[in-house]
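Compute the structure for the input listed below.
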Amino acid sequence: MTKDTTNDSTAVTPGPFRSSIMQIEPQWIDLNGHLNMAYYNVMFDSAAGQLWTMLGIGWSYIEERNCSTFTAECHVRYLREIHLGDPVQISVWLLEADDKRLHTFKELRHAAEGWISATSENLSLNIDMTSRKVAPFPLDIRERLAALASTHRAVPRPEGIGRAVAMQRKR
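Below is the predicted model of the structure:
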């Protein structure tokens, strides 16, 4: 996560959070001429970092409260190639939040044409950085998370949530 110097905000908007528009960097292109799979996660993490800052669990959370979030599980689906020069934007839904965990779903879309290139479903844990163990979110953060999760539950859920890795059987 890169350090974000914007101020934390408690603003909750309808619909998923939308990241800033990002560009594919030349060093991220692999031998197949498309975005290497590792860099999808770089962009998904950048988008989560933008949302985390808005929710007060970004850099200020680490610096002021000595807490952070760790990813415990991640499921990425690669649906359509993205190439050098393609602008991308990521939408993030906070599907569920409890005292210690966040369940998110992200869609990486071509920012100009709107089609989905990849999705990422994640489970993140709140960590006390002193003990480096899972710990409850502070009350003010839990309230922000609950408000956002409630807002996101009120909008249509994207296709692909809860998918498992498995080979499709032919009928």
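
Once you drop chain neighbours, what's closest to residue 154?
Computed as CB to CB, 6 or more residues apart in numbering, the closest residue to residue 154 that is not its neighbour in sequence is residue 14, at 7.5 Å. Where C-beta positions appear, they are placed from N, C-alpha and C, glycine not excepted.

which residue is nearest the middle of the chain?
Centroid check for the chain by CA atoms, centre = their mean gives residue 48 as the closest residue, at 3.6 Å.

model confidence over the strand or helix carrying that one, on average?
Using DSSP states H and E, residue 48 falls within helix 37-55. In this model, helix 37-55 has a mean pLDDT of 97.

I'd like to know which elements it is packed against.
If you count contacts as 3 or more CB pairs under 8 Å, 6 or more residues apart in numbering; DSSP states H and E, helix 37-55 packs onto strand 17-18, helix 59-65, strand 67-78, strand 87-97, strand 101-110, strand 116-128, helix 139-153.

okay if I get the ones you listed as CSV plus mean neighbour count, mean pLDDT and distance to residue 28?
Listed next are those as CSV, based on neighbours: other CB atoms under 10 Å; pLDDT from 0 to 100; distance: least, CB to CB, whole Å:
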stretch, mean neighbour count, mean pLDDT, distance to residue 28
strand 17-18, 19, 96, 21
helix 59-65, 15, 96, 24
strand 67-78, 15, 97, 14
strand 87-97, 21, 97, 11
strand 101-110, 22, 98, 13
strand 116-128, 20, 98, 13
helix 139-153, 17, 96, 29
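
Quick one: residues contacting residue 130.
Applying CB atoms under 8 Å, 6 or more residues apart in numbering, one finds that residue 130 lies in contact with residue 66.
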